[in-house]
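S.K.: Turn this into a model:
(one chain, ligands or ions: 2)
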Amino acid sequence: METKDLYKVLGVEKGASQDDIRRAYRKLARKHHPDANRDDPKAEDRFKEIQSAYEILSNPNKRREYDEGPRTFFGQGTGRPEGTGAGTTGTTQADFSDLFGTFGDIFGAGTAAGTRSQRNTATRGKNVTISVNLKFNDALKGVTTRVAVPVEEVCGDCRGTGAAPGTMPRTCPECGGLGTQSRDQGFFALSTACTRCGGEGTIIEKPCPKCAGQGRVKKSRNVTVKIPAGVRDGMKIRVPGRGHAGQKGGPAGDLFVITKVAEHPVFKRRGDDFVVEVPVSFAEAALGAEIRVPRPDGGTVKLRLPAGTQEGRQFKVRGAGAPKVRGEGSGDLIVRAKLVVPKKLNRRERDILQALAEERDEDVREDLFRRVGT
Ligand SMILES: [Zn+2]
Ligand SMILES: [Zn+2]
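M.R.: Ligands and ions are numbered 1, 2, ... in the order given. Reported below is the predicted structural model:
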């Protein structure tokens, strides 16, 4: 199936409301309904395309999944699992993601035009999203961590059929395996899911005891995730093929790991840079000084403060920021001078400062009042 922009199919904007989507669908469905276009052999395809688009966009969950879609995948090649662990399917995940991606869902959901062959189409498993808490240092330097992922796997006892070992699901006698029952409603031929088999087309007489006939079991699977150096809070790392198992031989979904990075009490992240406020004494600021400044990675760096450094002045230590997750190199460390005024003075210090004040004999607010115009 060709991947099309579902919003374009319905002719709506990406941010369209559910009402807009429903209205657009109704209009298009009437216009392109095969019964109204008997002379146009392509009408049916177009109609199905519109239905499929509506099926996804009208369902908030599916719509969100579609919006987030495979296109937002972050950092190709990062975060691949290292161990093989519990095997999923033997299929190459990458080859299938585009084919089945979001569209896998539209089959098996009992669309009006559903046929037996469509319902049995392999469906890609759903994605799983979890978050992982990272220490400041681990996020900065990268870390390999193991996470417990709640996934649905194919039941090993019944191999996903849902029927007790030694038995097989059999064709539904009610719908003859079609999964749908048709009712003629005038203009629209309404198809509803078969009440006996629920649209599956098959019934299970003796359910598998292990999965209670579901064909799938919930499991907590340990997955090794490589967190690249320099990740920020809220980044999304894709681990291909580590989501829920696929249906009917389809490939597994992906695992998305959202990073939650602990804040540092001193270093504040700004993009790939870090900002640190460094206390500077009056004498250092006035006279100039060479000071030592801490780096986020644990080291220190020397910084030359020029004479006459003002409060809030910023200095850049190139390359002392966070490694860039995408691309080469690292961000910078921004050092912000914070002037420290003595809280207490002894007698001698007071005399010295007094002498300095007399020597300067200045009005530091003169300029301010001049600019105000008083
Ligand atoms: Zn089972
Ligand atoms: Zn049936």
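
S.K.: Now the residue most central in space within the chain, what are its backbone angles?
M.R.: Nearest residue to the geometric centre of the chain (CA atoms, centre = their mean): K236, 4.5 Å. With angles defined as degrees, to the nearest 10, K236 sits at phi -120, psi 120.

S.K.: surely M235 meets R269?
M.R.: No - if you go by CB atoms under 8 Å, M235 and R269 don't touch, sitting 11.6 Å apart. C-beta here means a position set from N, CA and C on the backbone, and glycine is covered the same way.

S.K.: neighbours around K268, how many?
M.R.: 14 (other CB atoms under 10 Å).

S.K.: Excluding covalently adjacent residues, which one is nearest to it?
M.R.: Spatially, and ignoring its direct neighbours in sequence, K268 is nearest to V275 (4.7 Å; CB to CB, 6 or more residues apart in numbering).

S.K.: Run a quick neighbour tally on the nearest residue to L353 once chain neighbours are set aside.
M.R.: Counting by CB to CB, 6+ apart, L353 lies nearest to L345, which is 6.9 Å off, once chain neighbours are set aside. Neighbour count of L345, defined by other CB under 10 Å: 12.

S.K.: measure L345 to S17 for me?
M.R.: Per CB to CB, to the nearest Å, L345 is found 66 Å from S17.

S.K.: tell me which residues in whatever helix or strand T144 lives in are buried?
M.R.: For T144, the element it lies in under DSSP states H and E is strand 143-154. Buried residues in strand 143-154, counted by 16 or more other CB atoms under 10 Å: V143, V147, V149, V151, E152, E153, V154.

S.K.: Now do the strands for the stretch 201-350 of the chain: every range, in order, please.
M.R.: 202-203, 216-227, 236-239, 255-261, 268-270, 273-281, 289-294, 300-305, 314-317, 333-340 (DSSP state E, counting those that start in this stretch).

S.K.: Can you check which of those gets nearest to K210?
M.R.: strand 216-227 (6.6 Å; CB to CB).

S.K.: What is the distance between that closest one and the centre of its chain?
M.R.: Centroid separation between strand 216-227 and its chain, computed with CA atoms, centre = their mean, to the nearest Å, is 17 Å.

S.K.: Equivalent analysis for stretch 237-244, please.
M.R.: Worked out by CA atoms, centre = their mean, stretch 237-244 lies 11 Å from the chain centre.

S.K.: Between its first and last residues, how far does that stretch reach?
M.R.: End-to-end distance of stretch 237-244 (CA to CA, to the nearest Å): 16 Å.

S.K.: model confidence over that stretch, on average?
M.R.: The average of the pLDDT scores along stretch 237-244 is 95.

S.K.: Adding distance to ligand 2, write the strands of the stretch 201-350 of the chain out as TSV.
M.R.: Converted to TSV, the strands of the stretch 201-350 of the chain look like this (distance: least, CB to the ion, whole Å):
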stretch	distance to ligand 2
strand 202-203	7
strand 216-227	21
strand 236-239	38
strand 255-261	35
strand 268-270	57
strand 273-281	61
strand 289-294	70
strand 300-305	72
strand 314-317	70
strand 333-340	66
